[in-house]
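>>> generate coordinates for the sequence data below:
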Amino acid sequence: HIMQVHRRGAVTFDERKGIAGFREELKFVPRHYGSDYQDEPSAEYADKDRALMALRDVADLCHLCDGARVEVVHRPSANQRSYSSQHAEWLGILSKGRAEAVVASLVALGVPQERLHARVEDACCSEMGVSTFGSSFVVFHEPG
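Presented below is the predicted three-dimensional model:
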């Protein structure tokens, strides 16, 4: 039941818009790109247990909205500005990897892979009415 997911408090769900958001941002291990060194643009949860708690609620919503196509959207942090074309490419890989990490977690929690899609969105281009930077959210689309 959707109200049970709301009561657990890890995610919000706007049934009218079909958007689930995380009450607490999914935090990833910070990655560094500088002239001194560059980390791999890997996507690893800073606190996997906390992330999985919220992602279980999203997986429950996926099961409750059976048949809906599910889009996982990651929005890079507002302070992520690129310094070069290589840095921009690295940031793109990092952001896409973070969205894909959420998808992989949902698959591990039993959501069929074929229902899921990951994408990156610039905050300035949002049509979903979600206004925070550096966050992920989930959009449920009617089947078809």
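>>> list the beta-bridge partners for the nearest residue to residue 115 once chain neighbours are set aside.
Spatial nearest neighbour of residue 115, chain neighbours left out: residue 70 (5.3 Å); criterion: Cβ to Cβ, 6 or more residues apart in numbering. Using the backbone N, CA and C atoms, a C-beta is placed for each residue, glycine as well. The partner list for residue 70 in beta bridges (DSSP bridges) reads residue 116, residue 140.
>>> for residue 70, what are its contacts?
Counting by Cβ atoms under 8 Å, 6 or more residues apart in numbering, residue 70 touches 62, 106, 111, 115, 116, 117, 138, 139, 140, 141.
>>> buried ones in whatever helix or strand residue 87 lives in?
In this assignment (DSSP states H and E), residue 87 forms part of helix 85-108. Within helix 85-108, the residues scored as buried using 16 or more other Cβ atoms under 10 Å are 90-91, 94-106.
>>> show me where pLDDT drops low in the chain?
Low-confidence segments of the chain (pLDDT under 70): 77-81, 123-134, 144.
>>> of the contacts of residue 70, which is the nearest to residue 86?
residue 117 (27.1 Å; Cβ to Cβ).
>>> the strands in this structure, which residues?
11-14, 19-22, 69-75, 116-120, 135-141 (DSSP state E).
>>> Serialize those strands to JSON lines and add fields for distance to residue 55.
As requested, those are exported to JSON lines (distance: least, Cβ to Cβ, whole Å):
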{"stretch": "strand 11-14", "distance to residue 55": "9"}
{"stretch": "strand 19-22", "distance to residue 55": "9"}
{"stretch": "strand 69-75", "distance to residue 55": "10"}
{"stretch": "strand 116-120", "distance to residue 55": "12"}
{"stretch": "strand 135-141", "distance to residue 55": "10"}
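>>> which non-adjacent residue is nearest residue 113?
Once flanking residues are discounted, residue 113 sits nearest to residue 107: 5.1 Å by Cβ to Cβ, 6+ apart.
>>> let me fix that: residue 53
Using Cβ to Cβ, 6+ apart, the nearest residue to residue 53 is residue 10, at 5.7 Å.
>>> isn't the one you found right up against residue 21?
No: contact between residue 10 and residue 21 fails when scored by Cβ atoms under 8 Å: they sit 10.3 Å apart.
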